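Undergrad: this one's structure only:
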Ligand SMILES: O=C(O)[C@H](O)[C@@H](O)[C@H](O)[C@H](O)CO
Ligand SMILES: [Zn+2]
C-alpha cells in the first residue's frame with residue numbers, strides 16, 4: 001500500500017469575524033455550528049454571522065484559551081484549555097483543564113493541570129476516550145461511560161519517540177486505530193491502542209502538522225492541517241505550504257506475478 005499527500009485549497013463560503021481565537025468547530029444538531037472561541041463555547045450562525053455564548057470556562061485564568069475539541073456520540077462537546085503560548089509549545093505549565101458542554105448547555109470539568117489540551121476521540125464501541133496532553137508526549141486512554149459522560153482509569157497507550165516530537169490532534173479510523181498528528185515531526189502516525197505499537201507513518205512536506213480527520217468519498221481520504229506560526233522566513237522557503245491543508249490519498253497496488 002502506498003500513499004501520497006497533496007495540498008488542497010481551502011474554500012469557505014463567506015466568513016465570520018470573531019474577536020478571539022477559534023480553536024475547534026463542530027456541527028450543531030439544531031443547525032449551524034458550535035465552536036470554542038477564546039474561553040467560550042459558542043453557537044455559530046453562518047447566515048447572520050453571529051456567535052452566541054453558551055458557556056465560559058477558566059474565568060479566573062485571563063491568559064487561557066480553548067484548544068482542540070470534539071463532540072462525543074451523545075452530543076457532549078469535549079474541549080480543553082491551555083495558557084496562551086509565547087512561542088509554539090512555550091507557555092506557563094499546568095494551566096489548562098478538560099471540559100465538556102452537555103446538550104443542555106451545562107459544563108462539566110474533568111481534570112486540571114493540563115499543559116496543552118489537544119487531540120481527542122472515542123473508540124468505535126464508545127467505551128474508551130482517547131486524549132492527548134501534548135507536553136506529556138503520551139496518548140492516553142480512559143474508560144468512557146457514554147450514558148453519563150464520565151471518564152475514569154487514565155492510562156497511557158503510546159509514548160512518542162523522540163523524532164515524532166509533540167503529539168497534537170488525533171482521530172480514530174474505521175478499524176479502531178488512532179492517527180496522531182506530530183507537531184514538529186512533519187508526520188501523522190497510526191497507532192494500535194491495544195498493543196501500544198505504531199503501525200504506520202505518513203510524512204508530510206511540512207514540520208508543524210497539527211491535526212487530522214477523515215473525509216471525502218466513503219471517508220477514504222485523510223485531511224491534515226499544519227501551522228505556519230512560529231516558522232522563520234528561511235524555514236518558510238523550505239516549506240512554503242506551511243499553514244495549508246493536505247489531503248492524503250491511499251492507493252492500493254495489486255501486484256500479480
Ligand atoms: O494548533 C494546534 O493544533 C495546537 O494544538 C497548538 O496549540 C500547537 O500545536 C502547539 O503550539 C504545540 O503543541
Ligand atoms: Zn492541536
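TA: Ah, there it is. Keep in mind that what you see is a predicted model, and the values were worked out from it rather than measured. Ligands and ions are numbered 1, 2, ... in the order given.

Undergrad: assign a three-state SS to the residue most central in space within the chain, would you?
TA: Note on the chain: the residue nearest the mean C-alpha position is residue 169, at 3.2 Å, using C-alpha atoms, centre = their mean. Secondary structure state of residue 169, per DSSP: H, G, I helix; E, B strand; the rest coil, is strand.

Undergrad: which residues does residue 174 contact?
TA: By C-beta atoms under 8 Å, 6 or more residues apart in numbering, the contact list for residue 174 reads 124, 219. C-beta coordinates here come from the backbone N, C-alpha and C atoms, glycine included.

Undergrad: ok, back up a step: the residue nearest to the centre of the chain touches residue 208, doesn't it?
TA: No - contact criterion C-beta atoms under 8 Å: residue 169 and residue 208 do not qualify, at 11.5 Å.

Undergrad: how far away is the residue lying closest to the residue nearest to the centre of the chain once chain neighbours are set aside from ligand 2?
TA: Sequence neighbours aside, residue 211 is the residue nearest to residue 169 in space, at 2.5 Å (criterion: C-beta to C-beta, 6 or more residues apart in numbering). Residue 211 is 5 Å from ligand 2, where distance means C-beta to the ion, to the nearest Å.

Undergrad: please enumerate the strands of the stretch 151-257 of the chain.
TA: 166-172, 178-183, 187-192, 197-203, 209-215, 221-226, 245-251 (DSSP state E, counting those that start in this stretch).

Undergrad: for the residue nearest to the centre of the chain, give me the pLDDT.
TA: pLDDT for residue 169: 98.

Undergrad: how close does it sit to ligand 1?
TA: According to C-beta to the nearest ligand atom, to the nearest Å, residue 169 stands 6 Å off from ligand 1.

Undergrad: also residue 77?
TA: 17 Å.

Undergrad: hang on, the earlier thing: can you tell me who the residue nearest to residue 169 pairs with across the strands?
TA: residue 225 (DSSP bridges).

Undergrad: that one contacts residue 245, doesn't it?
TA: No - using C-beta under 8 Å, residue 211 is not in contact with residue 245; the gap is 9.8 Å.

Undergrad: ok, now which ones touch residue 22?
TA: 35-37.
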